[in-house]
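J.: Fold the following, please.
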Amino acid sequence: MLLMMMFSCAKPVRGEFEKGFCHSFSPSNNLQFGVFAPIANGNAYRVNWRNVSILSRSGPDDPSGRLKAEREKICGNDDMDGAGRNYSRRMGIISHNGSTTNELTEVKTVAVNDEIFFLISDTSIPKNYLDEKVTAEDINSEIESQQLAADDAMQVGELFSIGSTVWQVIRRDLDQFKPGKGDQGITLKCIDVDDAFQPIIGIVNGPKVVHPTTHINDSEGGTPSVGEGFFPIMRFARGSIRNSRACDVTEVGLKSVVFQRLNGICNFMSLPSSRQLSEFDEDQVQLSSGTISSHINRSSIFTIYVRQAGLDESGNEFSYEQIPLDFVVTGNKPIAQYNFIRIHHPLAKSPAEYEYKFVPRSGADLRSRSDETTYIKLNAAATAVRPTFGQSVEVPSYGTFKIVTTGEIVSKGSIRANKEFLITLR
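T.: Reported below is the predicted structural model:
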């Protein structure tokens with residue numbers, strides 16, 4: 001997202017004949033904020049789903065066993081039940097302060113100066129996978145490219161976000177990871193937990209998740225695995241703006257380009273169930289899976305922190321405190337949306353300069369919140385002339401701020417799922 005300073009002479013009346021002023025400016029730095037470029041933390045990889053028909057015949061239906069092997073490669077069984085076989089991306093956080101886990105995954109509470117160890121495993125699925133009836137080279141090739149990209153990104157000194165905790169790379173075992181030349185170990189140190197909803201991260205089991213022989217497990221019958229929201233390592237940017245003089249109201253313009261792009265992913269909404277596929281096989285009806293290449297909804301969530309500009313009586317900077325509202329922008333096209341947030345400063349105090357920090361929230365940071373958690377969804381279709389949301393909120397050290405924008409209150413459950421990833425039961 002991109003920050004822009006806007007203006008509107010929305011001055012509160014403090015005196016009968018008091019005059020107001022307004023001005024606008026564009027910040028010169030720290031304009032963008034968001035989380036992006038995820039690096040897998042043991043998050044499972046799945047082959048793009050497709051129907052594999054095994055038609056009933058007078059003789060053996062699948063004499064070579066190749067079709068059943070294709071089914072097992074995709075979903076882990078020969079009747080195409082479940083959600084898919086979970087393959088290892090062969091990298092992830094395997095220890096926190098030297099402590100590992102015996103479970104598949106474990107959530108850890110962290111603090112500043114804690115250290116974690118990220119392993120890139122120099123292993124792959126063996127060539128004799130499923131008795132060589134199918135190849136796993138497509139999986140190995142994709143995972144290897146992701147490993148190389150992760151190693152290239154995680155250089156000494158680089159900063160990353162896990163949840164909303166901030167980590168810095170401090171050591172690398174190898175100058176460069178090269179397949180066939182050994183494992184890469186990368187150590188990161190926690191440098192900030194102040195903006196986290198909860199100061200937690202996730203670690204994974206090394207032998208079971210990062211370097212299993214073939215795969216992690218199969219998602220069938222509620223089997224737990226390492227989902228896509230399990231604390232990936234993210235690039236991040238935080239935006240900030242500051243008043244240039246004491247004022248009563250700050251209005252911020254937001255330019256957002258928020259969307260997801262699907263390229264040839266399976267059309268899950270049209271898939272038959274395992275039972276239906278078996279019936280089609282009996283009737284000698286061969287099915288092919290449809291695919292989707294389109295833009296779909298994505299939601300970007302952020303929180304605003306505020307502090308008084310300048311120094312306190314001790315010569316130290318004032319501390320940031322959270323404005324207790326979360327905002328979300330939802331989009332489904334690669335085009336810009338324009339929104340605004342108008343922040344009325346505390347009326348009980350004289351006009352003052354404030355500094356605002358915009359902190360993005362990742363899916364991992366929100367995973368512990370219930371589906372009933374509410375957010376302010378900014379609505380670019382509405383106009384600033386008639387704001388549709390206004391609420392006064394208390395910020396302990398600074399007083400009562402009033403937040404005004406065009407938008408509506410939505411729940412986490414209403415923005416969490418995409419219908420394109422759901423199977424319609426028939």
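
J.: drop to CA atoms for contacts and neighbour counts, all remaining ones
T.: Will do.

J.: biggest helix in the chain by residues?
T.: In the chain, with assignment by DSSP state H, the single longest helix is helix 137-153.

J.: What does the pLDDT read for Asp114?
T.: Here, the pLDDT recorded for Asp114 equals 97.

J.: ok, now Arg426?
T.: On the pLDDT scale, Arg426 gets 49.

J.: Run through the protein and note the low-pLDDT ranges.
T.: The chain contains residues with pLDDT under 70 at 1-21, 28-30, 58-59, 221-222, 381-387, 420, 422-426.

J.: Okay, helices next: where are they in the stretch 51-200 of the chain?
T.: 66-75, 137-153 (DSSP state H, counting those that start in this stretch).

J.: from the chain's centre, how far out does the longest one sit?
T.: The chain centre lies 20 Å from the centre of helix 137-153; the measure is CA atoms, centre = their mean, to the nearest Å.

J.: Name the residues of that helix that are buried.
T.: Going by neighbour count (16 or more other CA atoms under 10 Å), the buried part of helix 137-153 is Ile139, Asn140, Ile143, Glu144, Gln146, Gln147, Ala150, Asp151.

J.: Then the shortest one?
T.: Along helix 66-75, the positions that meet the burial threshold by neighbour count (16+ other CA under 10 Å) are Leu67, Lys68, Ala69, Glu70, Arg71, Glu72, Lys73, Ile74, Cys75.

J.: The closest residue to the second one other than its chain neighbours: neighbour count?
T.: Spatially, and ignoring its direct neighbours in sequence, Lys68 is nearest to Asp78 (5.3 Å; CA to CA, 6 or more residues apart in numbering). Using other CA atoms under 10 Å, Asp78 is surrounded by 17 other residues.

J.: re the thing from before, as CSV, the buried residues of helix 66-75 with distance to Ser274 would be great.
T.: What follows is the buried residues of helix 66-75, written out as CSV (distance: CA to CA, whole Å):
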residue, distance to Ser274
Leu67, 15
Lys68, 14
Ala69, 16
Glu70, 15
Arg71, 11
Glu72, 13
Lys73, 16
Ile74, 13
Cys75, 11
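
J.: Between the residues you listed, which sits nearest Leu104?
T.: Of all the buried residues of helix 66-75, Leu104 sits closest to Cys75, with 19.6 Å by CA to CA.

J.: Just give the closest residue to that closest one, not the sequence neighbours.
T.: The nearest residue in space to Cys75 (CA to CA, 6+ apart) is Gly84, at 3.8 Å.

J.: I'd say that neighbour and Arg71 touch.
T.: No - using CA atoms under 8 Å, Gly84 makes no contact with Arg71, being 9.6 Å away.

J.: all helices of the stretch 201-350 of the chain, in order?
T.: Using DSSP H, counting those that start in this stretch, the helices of the stretch 201-350 of the chain run over 274-282.

J.: Tell me where it has strands.
T.: Residue ranges of the strands in the stretch 201-350 of the chain, as given by DSSP state E, counting those that start in this stretch, are 217-219, 233-237, 239-242, 249-256, 260-266, 291-296, 298-308, 321-331, 337-344.

J.: looking at these, which is closest to Ser411?
T.: Of these, nearest to Ser411 by CA to CA is strand 321-331, at 10.4 Å.

J.: who touches Tyr45 in this structure?
T.: Asn86, Tyr87, Ser88, Arg89 (CA atoms under 8 Å, 6 or more residues apart in numbering).

J.: okay, now the domains of the protein?
T.: Following automatic domain parsing, one finds the domains of the chain at 2-33+238-259+297-421, 38-51+59-236.
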